[in-house]
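# sharing a model that was predicted from the sequence below.
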Amino acid sequence: MSTSLPPDQPNPEKALPDDPLEGAAALGGHHAPEAQTFRRKAFLTLAALGVVFGDIGTSPLYALHQSALAAQQHAPLDQAIYGVVSLIFWSLLIVVTFKYVTLIMRADNDGEGGELALASLAHRIQGLDRRLKVAIGIGAILGLSLFFGDGMLTPAITVLSAVEGLSATNHHFEALVVPLSLVILLGLFALQSRGTAQVGKVFGPVMVLWFLVMGVMGAVSISKTPEILAALSPHYGLLLFVDEPWTAFVSLGSIVLAVTGCETLYADMGHFGKGPIRAAWLFFVLPALFLEYFGQGAALLRDPHSLANPFYAVAPHWAQLPLVALATIAASIASQAVISGVFSITRQAVQLGMLPRMEIRHTSATDYGQIYVPRMNAVLCVGVVLIVLIFKSSNSLGAAYGIAVTGEMFISTMLVGLVAVRTWKWNRWMAIPVFGLLGLIDLFFLSSNALKITEGGWLPLFIAACVYTLMGTWRMGRRNQLERIRNESMPMALFLERADKSPVRVAGTAVFLTARADVVPGALLHNLKHNKVLHERVLITQVVVDDTPFVAPQKRLTVEKLGKGFYTVMIHHGFFEVPDVPKTLQEARGWGLAIDPETTTFFVGRELLVPSENPTLGRWRTWLYIQLASNALSPARFYRLPPNRVVELGAQVTI
């Protein structure tokens, strides 16, 4: 991957500034009024509450319940309650506040965050050993695979946990939990094609109400049993490890549920900026979660029987049904945020060549984050429905949920540690203890969750293994195919030497899309063979994905004149962008090329892949790659070529 945009260069195409607390003048000129700047910060903070914190904000529905269940099996209930509440509180401080909000959010790739953006940032560090670069690539694919597993599990467990509140109010409703959850989830996936721009406007206010309700309920519960505040001391968490080390270790697999959503927090950094996310977490979300978790702990101390559903035990009886409705809406918002995150990460993976081309629809004219990926929506929908039907309860799903999250967390820690040493120039003696300790915490969480593989932890591993196999096969197959094309193609220099002997040149411009600009595209040779003509202007056009989220307009296009009417055109775009070849080619006027897409002919090669007698990839991988390639979106649609100006020329390629 090539590098085109320095990290410190502002991106003029971004919908929002990298950090609105530092540069909030985006709405009103360079010197925005102070009141307007404040309104902008407030708006972004409110929006972040609705999108960024949906996952971690709905964790109280199940996190303390699962943790206390695990801890009280071998420890006295009071000790288990104090211990898990203390561990949850300190996990929120260390993992979310210190690690993600303070440290990891510093590692922005042109203002963007997320597993792929972080891996790209680490990959372009100067002087890296080749083996380390390979390890970074593997880590990125593995993290992406785990993210897809997380994307299927989160909607299932959050919606199930919310709807299970019905059975807490009346046991007769228990039979309705699974059917009602399925109806909500199916409706959520059905709405994806309409986009979330309009619905997103109410996400923030609803989540504000959600956090306020949790904070008030928790505060009232704490006031009734204030002794729970003793769990603020890490002594109780450590005491659980001293007295019941195995029980404490096992409970870590459930305690990690309280910090799920960290990766979403980091991935959405580019949408809202560091400032609003940090402000929302420190001054709103963290206090609300603190009150809610301690309030649940207080309720359990008063009534151990409320362990069946401590979230609803905090609420008075008259408020439980309205709380079920609010929790269901909050769970849907959290699910929507995760689904949108899967769409976003899919787009990045497609652009970086990790997945085959897919249809990507923009559902908003102003927000680049509002996209819809039909194929991925269908896969997620089927996967989530199957998960609900298999596990049927949040208790069962709790065993499956944590392993994907902790795997992502560990990969992010290692990548940011590398960036801290090589890019931020941290002293190794400071970086090793800090990131070593954070990595050790991640490993404890991961190891604890590994104990639950047979109870359901196999599911995210299975999903991750499938995604990893698909991405690995696609990358290896694509590399093998391009290598064969290069070996069997005519060098461009040799072709130009013989261009004068070519048949008649006809008026007009022809654009030949190619994966390599140094060889003659197969479509050009086939056009010569069958039509025996060349256009007076021939553009050999290659689209390159840089390892930055966005590419500055002045660096998007480069043109090299080869002579005899031939040009090499390189189009650069970032992995957050969907390429539009006709629109970009209109910017070639600076090189003396006036190109009108409606009068230009676009030639696209369509390869028919057939396996060789001894395929390099092996028979099953070759078969899988051929299936992936045959179902990939056509280049004409992916690169937004005008349908009535495209000529596709087929060729058979042996792999």
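Structure received. Numbers count the residues shown, from 1 in each chain.

# could you pull out the helices in the stretch 101-250 of the chain for me?
With DSSP state H, counting those that start in this stretch as the criterion, the stretch 101-250 of the chain has helices at 115-123, 130-163, 165-169, 177-190, 197-224, 235-243, 245-255.

# deepest in the core, which of these is it.
Of all these, helix 115-123 has the most neighbours on average by mean count of other Cβ atoms under 10 Å, namely a mean of 25. Placement of C-beta: from N, CA and C, glycine included.

# ok, residue 607 - contacts?
Applying Cβ atoms under 8 Å, 6 or more residues apart in numbering, we find residue 607 in contact with 481, 522, 629, 650, 651, 652, 653.

# which of those residues ranks first by neighbour count?
For the contacts of residue 607, the largest number of neighbours (other Cβ atoms under 10 Å) sits with residue 522, at 22 neighbours.

# and that residue, how far from residue 194?
Note on residue 522: its distance to residue 194, by Cβ to Cβ, to the nearest Å, is 40 Å.

# likewise for residue 349?
According to Cβ to Cβ, residue 349 stands 24 Å off from residue 194.

# same deal with residue 353?
From residue 353 to residue 194 the distance is 30 Å (Cβ to Cβ).

# the more surrounded of those two?
The neighbour comparison of residue 353 against residue 194 (other Cβ under 10 Å) goes to residue 353, with 17 against 11.

# pretty sure that one contacts residue 547?
No: the pair residue 353 / residue 547 is not scored as a contact, 11.4 Å apart, by Cβ atoms under 8 Å.

# for residue 558, which non-adjacent residue is spatially closest?
Once flanking residues are discounted, residue 558 sits nearest to residue 570: 4.6 Å by Cβ to Cβ, 6 or more residues apart in numbering.

# is that neighbour located within a strand, as I assumed?
Yes: note on residue 570: a strand contains this position according to DSSP: H, G, I helix; E, B strand; the rest coil.

# nearest residue to residue 105 other than its sequence neighbours?
Residue 105's closest residue in space is residue 274 (Cβ to Cβ, 6+ apart), at 5.2 Å.

# the one you found - how many residues pack around it?
Using other Cβ under 10 Å: residue 274 sits among 20 other residues.

# and it, how far from residue 98?
Look at residue 274 and residue 98: by Cβ to Cβ, they are 15 Å apart.

# how about residue 361?
Look at residue 361 and residue 98: by Cβ to Cβ, they are 39 Å apart.

# care to break the protein down by domain?
The record's domain split for the chain, according to automatic domain parsing, is 58-393+458-475, 490-654.

# pick the most buried one from these.
Highest mean neighbour count among the domains of the chain (mean count of other Cβ under 10 Å): domain 58-393+458-475, a mean of 20.

# and whatever helix or strand residue 484 lives in, what does it pack against?
In the assignment (DSSP states H and E), residue 484 maps to helix 458-488. Secondary-structure packing of helix 458-488 (3 or more Cβ pairs under 8 Å, 6 or more residues apart in numbering; DSSP states H and E): helix 130-163, helix 394-422, helix 619-630, strand 646-654.

# helix or strand right after the second one?
In this case it means helix 394-422. Sequence-wise, the next helix or strand downstream of helix 394-422 (DSSP H and E) is helix 428-450.

# now the angle from that next one to helix 394-422?
Per axes from the mean of the first three to the mean of the last three Cα atoms, to 10 degrees, the angle that helix 428-450 makes with helix 394-422 is 160 degrees.

# list the buried residues for helix 428-450?
Judged by neighbour count (16 or more other Cβ atoms under 10 Å), helix 428-450 contains these buried residues: 431, 434, 435, 438, 439, 441, 442, 445, 446, 448, 449.

# and the contacts of it?
Identification of contacts with helix 428-450 by Cβ under 8 Å, 6+ apart yields 94-95, 99, 103, 249-253, 255-256, 402-403, 406-407, 409-410, 413-414, 416-417, 420-421, 457.
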